[in-house]
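# Quick one, fold the following:
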Amino acid sequence: MLTFAGDAEYSPEAQLRLQALMEVLNIKVNEVLREQKGLIYSGGFHGALHKQPYGAYSISLNLPCGPDNVDKVVAAALEEIRKVQENGPEAADLAKVKEGWSKGDLRAMRENGHWLSHLQAVQQDGRDPEAILTRVARGNAVTAQDVQATAKRYLDLENYVQMVLKPEPKAGE
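Residues are numbered from 1 along each chain as shown. Alright, predicted model coming up:
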C-alpha cells in the first residue's frame, strides 16, 4: 500500500479532478500492472479531498502481491504516476472516465438514495444543492491538463508512505 496525504483546500471542482485522476490511474493499474505485466490480480487507487475537520487530501494505492514482487509492483505503479504527471492522461482513458461518469450519473439520478445522500452532503457542507444537476457538464469540462496538474499536486513522489505486509517466517527459517 502506498499512501499520499497532506493539506488541501476542498472544492467540488478539485474533488472532481481528483476523482478523474483516480479513475485514470485505475485504468492503468488494470491495463499495465494486471494485464500487461501480470504483477497483480486486483488493486487500485482511492482518494478524496476532505473539508472537515480541516482541508486535507488522502490517496491510497492498494496493490496486493507476493512479497517477492513488491519492488516490481511499486516501481511499475510509480512509473504510471510519473507518466500522468509528465504527459497527462491518455485521451482515450479520460474519455472512458467521462463516459462512465455520464452513464453512472444518469442512472443514479433515477434513484432516491442518490438524491438523499447528495442533499444530506450539501446540507452538512453548506454547498449548492443544485450542483447535482450540473455534474455531468462539470465532469465533461475536466481536461487532461486538469488531471495532470492534479497528479503533480497530490502525488508527491518524494512524500508518501509505503507499507508492506510480510508473512511471518515459518519455524526454522
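# And the helices in this structure, which stretches?
12-28, 70-87, 91-108, 112-125, 135-140, 144-154 (DSSP state H).
# Lowest mean pLDDT across the ones you listed, which one is that?
Lowest mean pLDDT of the helices of the chain: helix 112-125, a mean of 74.
# ok now that one, how far from the chain's centre?
Between the centre of helix 112-125 and the centre of its chain there are 22 Å (CA atoms, centre = their mean, to the nearest Å).
# Just the CA atoms of that helix, as PDB, please.
Output in PDB follows, covering the C-alpha atoms of helix 112-125 (Å, rounded to 0.1, in the frame of the first residue of the first chain):
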ATOM      1  CA  ASN A 112     -34.000   8.200  -4.400                       C
ATOM      2  CA  GLY A 113     -30.900   7.100  -2.400                       C
ATOM      3  CA  HIS A 114     -28.600   9.200  -4.700                       C
ATOM      4  CA  TRP A 115     -30.700  12.300  -4.200                       C
ATOM      5  CA  LEU A 116     -30.900  11.700  -0.400                       C
ATOM      6  CA  SER A 117     -27.200  11.300   0.000                       C
ATOM      7  CA  HIS A 118     -26.500  14.300  -2.100                       C
ATOM      8  CA  LEU A 119     -28.900  16.500  -0.200                       C
ATOM      9  CA  GLN A 120     -27.500  15.300   3.100                       C
ATOM     10  CA  ALA A 121     -24.000  16.100   2.000                       C
ATOM     11  CA  VAL A 122     -24.800  19.600   0.700                       C
ATOM     12  CA  GLN A 123     -26.700  20.400   3.900                       C
ATOM     13  CA  GLN A 124     -23.700  19.300   6.000                       C
ATOM     14  CA  ASP A 125     -21.100  21.000   3.900                       C
END
